[in-house]
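In: Predicted model and sequence follow; I will ask about them next.
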Amino acid sequence: MTLHAQPKASLFINGAYVEGEGPELKVLYPYTGEVIATLREASPEQVALATKSAEAAQKAWGALRPVERGRVLARAAAIIRERGAELARLETLDTGKPIQETEVADWPSGADAIEYFAGLAATLTGESIPLGGDFVYTIREPLGVCAGIGAWNYPSQIACWKSAPALIMGNAMVFKPSEETPLGALKLAEILVEAGLPAGVFNVVQGRGAVGAALVTDPRVAKVSLTGSVPTGRKVYAAAAEGIRHVTMELGGKSPLIVFDDASLEDAVGAAILANFYSSGQICSNGTRVFVQEGIKEAFLARLAARCADVAMGDPLDPATQHGPIISAAQAAKIRAAIEAGIAEGARLVCGGPGDGAFIPPTVFAEATDAMTITREEIFGPVMTVLTFKDEDEVIARANGTNFGLAAGVFTRDLARGHRVIAQLEAGTCWINAYNLTPVEAPFGGVKQSGVGRENSRAAIEHYSQLKSVYVGLGPVESPY
Ligand SMILES: NC(=O)c1ccc[n+]([C@@H]2O[C@H](COP(=O)([O-])OP(=O)(O)OC[C@H]3O[C@@H](n4cnc5c(N)ncnc54)[C@H](O)[C@@H]3O)[C@@H](O)[C@H]2O)c1
Ligand SMILES: O=CCc1c[nH]cn1
């Protein structure tokens, strides 16, 4: 079957598709390597055109009643749900992720975000602060033009998670998806306009890092929200600092998942699978360092290996497929190099391994040390390292022994211990007896080098708005002379 996913044009500026004037960008279906679309990057002039359109459109959009903005977003969420099957298929072509995932996780989570912020619209008020006569009131204002830059693992979810809070606050956005997965953001732009979003409020430019860099330094951009790796985060944060721009940084991780010996073994193994192998392991919050208390290590590894042996790998469009290909040959090579490093450094390969072609099976290492490359560095693929520990204090210190701080999980039937341990872990997004669930109602983001700011929940509003404080004097002005 030949697969085509060619959009009408590569960019979406001022309410319409526009062809890019920059270098070519081929979109490959990760399963077959087939070219499913050929796009062009935005030229520097087109990046400027997008931010100018956003700046012009933002004024009227930001002046609407919040409930009117909410109505547009609510319509967009409904359209996404109506077209769920078509959008899931496109996401699978763009990312190679199994259709059984993209049907329930990617666009649906994006629609949740759009719906959530639509519902929040009318509640986004300031406050009144009494001063015993005089008083102060605050106004929560939009920032202006926001730049969104996405990674390739959840391209449509990322576009929705960034645009929904930005737009509901009355900002405009120029979004640059990852060059690996450029298709979903264009669909989002189309759907938003169909739902009634004024032209120019949400724009999409395509391109590699240089296009992202041009967007970040555009003088009209007031805020930059990046989802990407720590090295890119450093560059983007520094470039944004030049113009004292607001930032949200959603970066990488090497998160701990701690399993105490009183935990439900079956649940803990299931969570370790979700924490490492969903989306072929290409999830930022993955719990790739699984600390298992020493008494249950063998039972844990045996059950894990047995469950991994049953995984259905193959055609992502087959509803039975549970484990798809890696996004690109370059990413597969990086993951394979990490697996080879694990073997060379003396860790024991329990199951999986380098795999073939685009596929890398669920891979588990044991007998690893905290110093090994596989334990220290983000791999961003289906590679889990199982480590053992004796007691609580030891595991907390080792779990925190990293510059990352995106996520953490604890499995135990002793809930007092669960809360006590989580309180001491240096991570922004945590779970007790669960892992990798990211409902829109909960803040999502990292500490330490995993990021700055939060997506989702009311907390995201803080990062797409600024407070004006107004002092109102009601009495005579007392001046010294
Ligand atoms: N914390 C989160 O929410 C989250 C979510 C998903 C992925 N991630 C992280 O993303 C990484 C994988 O994604 P990736 O390989 O696409 O990341 P990446 O850092 O290579 O690229 C991310 C985006 O930044 C752009 N970019 C690159 N250089 C730039 C520059 N100098 N200026 C502006 N933009 C630039 C890219 O074109 C891409 O759109 C992993 O580290 C993963 O943990 C984090
Ligand atoms: O990849 C990072 C964000 C995420 C985690 N779970 C779903 N999306």
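Out: Looks like it came in fine. Ligands and ions are numbered 1, 2, ... in the order given.
In: close to ligand 2, is stretch 173-185?
Out: No. Stretch 173-185 lies apart from ligand 2 when judged by C-beta under 6 Å from any ligand atom; the minimum separation is 12.0 Å. C-beta here means a position set from N, CA and C on the backbone, and glycine is covered the same way.
In: what's the average pLDDT for that stretch?
Out: For stretch 173-185, the mean pLDDT works out to 98.
In: so how far does that stretch reach from one end to the other?
Out: 12 Å (C-alpha to C-alpha, to the nearest Å).
In: ok, and does it reach over to ligand 1?
Out: Yes. With C-beta under 6 Å from any ligand atom as the measure, stretch 173-185 is seen reaching ligand 1 through 176, 178-179.
In: Which of those sits closest to ligand 2?
Out: If you rank the residues of stretch 173-185 next to ligand 1 by distance to ligand 2 using C-beta to the nearest ligand atom, residue 178 comes first, at 12.0 Å.
In: Not counting residues beside it along the chain, what's closest to residue 114?
Out: residue 77 (4.2 Å; C-beta to C-beta, 6 or more residues apart in numbering).
In: I'd like the average pLDDT over stretch 29-37.
Out: According to the model, stretch 29-37 has a mean pLDDT of 98.
In: So which residues make contact with it?
Out: 2-7, 26-28, 93-96, 182-183, 315-317, 324-329, 358 (C-beta atoms under 8 Å, 6 or more residues apart in numbering).
In: again, 6 Å this time
Out: Contacts of stretch 29-37 with the rest of the structure, by C-beta atoms under 6 Å, 6 or more residues apart in numbering, involve 3, 5-6, 26-27, 93, 96, 316, 325, 327, 358.
In: Next SSE downstream of the strand or helix carrying the residue nearest to residue 114?
Out: Using DSSP states H and E, residue 77 falls within helix 66-82. Per DSSP H and E, the first helix or strand lying C-terminal to helix 66-82 is helix 84-95.
In: mind listing what's buried in the longest helix belonging to the chain?
Out: The longest helix of the chain (DSSP state H) is helix 44-63. Of all the residues in helix 44-63, those buried under the rule 16 or more other C-beta atoms under 10 Å are 46-58, 61-62.
In: Does it reach ligand 1?
Out: No. If you take C-beta under 6 Å from any ligand atom as the test, helix 44-63 misses ligand 1, and the best it gets is 11.1 Å.
In: So which residues of the stretch 101-250 of the chain form helices?
Out: Here the stretch 101-250 of the chain has its helices, by DSSP state H, counting those that start in this stretch, at 107-120, 155-168, 183-194, 209-216, 230-242.
In: picking that back up, could you pick out the buried ones from the contacts of stretch 29-37?
Out: Neighbour-count burial (16+ other C-beta under 10 Å) applied to these gives 27, 93, 96, 316, 325, 327, 358.
In: Neighbour count for the residues of stretch 173-185 next to ligand 1 - can I get that in TSV?
Out: Shown next, in TSV, are the residues of stretch 173-185 next to ligand 1 (neighbours: other C-beta atoms under 10 Å):
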residue	neighbour count
176	31
178	23
179	18
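In: for those residues, which one is nearest ligand 1?
Out: residue 178 (4.0 Å).
In: residues from the stretch 1-150 of the chain in reach of ligand 1?
Out: Checking the stretch 1-150 of the chain against ligand 1 by C-beta under 6 Å from any ligand atom, the hits are 149-150.
In: Tell me where the stretch 1-150 of the chain is predicted with low confidence.
Out: 1-2 (pLDDT under 70).
In: Which part of it gets nearest to ligand 1, residue-wise?
Out: Closest point on the stretch 1-150 of the chain to ligand 1, by C-beta to the nearest ligand atom, is residue 149, at 4.8 Å.
In: ok, that residue touching residue 226?
Out: Yes. Here residue 149 lies in contact with residue 226, judged by C-beta atoms under 6 Å, at a distance of 4.7 Å.
In: With neighbour numbers in mind, choose between the two.
Out: It is residue 226, of residue 149 and residue 226, that has more neighbours when counted by other C-beta atoms under 10 Å, with 29 against 26.
In: which bits of the stretch 51-200 of the chain sit near ligand 2?
Out: Residues of the stretch 51-200 of the chain found near ligand 2 (C-beta under 6 Å from any ligand atom) are 153-154, 157.
In: from those residues, which is closest to ligand 1?
Out: residue 153 (5.0 Å).
In: got a list of what the closest one touches?
Out: Counted by C-beta under 6 Å, 6+ apart, residue 153 has contacts residue 282.
In: what's the distance between it and residue 329?
Out: 16 Å (C-beta to C-beta, to the nearest Å).
In: likewise residue 254?
Out: 24 Å.
In: Of those two, which one has the most company?
Out: residue 254 (22 against 13).
In: Assess the claim that that one and residue 400 are in contact.
Out: No. With contacts counted by C-beta under 6 Å, residue 254 stays clear of residue 400, the gap being 11.4 Å.
In: In the buried residues of helix 44-63, find the pair that's most separated.
Out: 46 and 62 (23.8 Å; C-beta to C-beta).
In: Any figure for the gap between the residue of the chain found nearest ligand 1 and ligand 2?
Out: Using C-beta to the nearest ligand atom, the single residue of the chain nearest to ligand 1 is residue 212, 2.3 Å away. From residue 212 over to ligand 2 the distance is 18 Å, taken as C-beta to the nearest ligand atom, to the nearest Å.
In: Just give the number of residues close to that residue.
Out: Around residue 212 there are 26 residues (other C-beta under 10 Å).
In: was I right about it contacting residue 148?
Out: No. Using C-beta under 6 Å, residue 212 makes no contact with residue 148, being 10.1 Å away.
In: quick one: average confidence on stretch 430-441?
Out: 98.
In: Ends of it, what's the gap?
Out: Rule used - C-alpha to C-alpha; the end-to-end distance of stretch 430-441 is 14 Å.
In: what's the closest non-adjacent residue to the residue nearest the centre of the chain?
Out: Compute the mean C-alpha point of the chain, and by C-alpha atoms, centre = their mean the closest residue is residue 158, 5.1 Å away. Spatial nearest neighbour of residue 158, excluding adjacent residues (C-beta to C-beta, 6+ apart): residue 150 at 4.1 Å.
In: Likewise for residue 352?
Out: residue 363 (3.0 Å).
In: cool, and residue 463?
Out: Per C-beta to C-beta, 6+ apart, closest to residue 463 is residue 453, 4.6 Å.
In: What of residue 424?
Out: Nearest to residue 424 is residue 396, by C-beta to C-beta, 6+ apart, at 4.9 Å.
In: what helix or strand does the one you found sit in?
Out: Using DSSP H and E, residue 396 falls in helix 392-399.
In: Which residues belonging to that helix are considered buried?
Out: 392, 395-396, 398-399.
In: any idea of the mean pLDDT in the next helix-or-strand element following that helix?
Out: Following helix 392-399 in sequence order, the next helix or strand is strand 407-411 (DSSP H and E). Strand 407-411 carries an average pLDDT of 98.
In: Strand 407-411 near ligand 2 at all?
Out: No. Interface with ligand 2: strand 407-411 contributes nothing (C-beta under 6 Å from any ligand atom), its closest point being 8.2 Å away.
In: who's in contact with that strand?
Out: Contacts of strand 407-411 (C-beta under 6 Å, 6+ apart): 253, 255-259, 263, 268, 285, 287, 418, 421-422, 425, 427, 429-433, 435.
In: and if you look at stretch 262-274?
Out: 259, 290, 303-304, 411-414, 435-436.
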